[in-house]
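Novice: Can you look at this prediction? I've put the sequence above it.
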Amino acid sequence: QLQLVESGGGLVQPGGSLRLSCAASGATLDDYAIAWFRRAPGKEREGVSCIRRFGGTGYANSVKDRFTISRDTAKNMAYLQMSTLKAEDTAVYYCAAVRSIFCTLVEASYDNWGQGIQVTVSS
């Protein structure tokens, strides 16, 4: 059973950077497509970025050119590098995975989820 644990969240000023990590256990992430989602206060959870099993990435328009998703096979980890952060990026961020080659930003496509981690962008 794949388990996912996010880390790296916290408080950051507008314009700053933060890197989220997603540590996997119980299975190898090599077999999975991975995504990051977020839920802002009062809003539904939305897809932020995803990475295919063999590479290839996708991003929501709101984070394109600011966020970068990556994976480290050797460490069984995934990451979300966030730059030029804005107040509207404030949310709980979730790592998700599905045993698939392809990835999507559709929440229902994923059956493995982390518990989420808070990211707050504020001065």
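Specialist: Happy to help now that I have it. Numbering: from 1, shown residues only.

Novice: What is the burial count for residue 121?
Specialist: 19 (other Cβ atoms under 10 Å). C-betas here are computed from N, CA, C, even on glycine.

Novice: ok, now which ones touch it?
Specialist: 11-14, 16, 85-90 (Cβ atoms under 8 Å, 6 or more residues apart in numbering).

Novice: from the residues you listed, which is closest to residue 33?
Specialist: residue 89 (22.9 Å; Cβ to Cβ).

Novice: which stretches of this protein form strands?
Specialist: 3-7, 10-12, 18-25, 33-39, 46-51, 57-59, 67-72, 77-82, 91-98, 112-113, 117-121 (DSSP state E).

Novice: so which of those comes closest to residue 105?
Specialist: Set against residue 105 and scored by Cβ to Cβ, these come closest in strand 46-51, at 2.6 Å.

Novice: Now do the buried residues in the closest one.
Specialist: Using 16 or more other Cβ atoms under 10 Å as the test for burial, strand 46-51 gives 47-51.

Novice: Could you give the average pLDDT over stretch 73-85?
Specialist: If you average the pLDDT over stretch 73-85, you get 96.

Novice: Residue 97 versus the most centrally placed residue in the chain, what's the distance?
Specialist: Ranked by distance to the mean C-alpha position of the chain (Cα atoms, centre = their mean), the top residue is residue 36 at 2.4 Å. According to Cβ to Cβ, to the nearest Å, residue 36 and residue 97 sit 10 Å apart.
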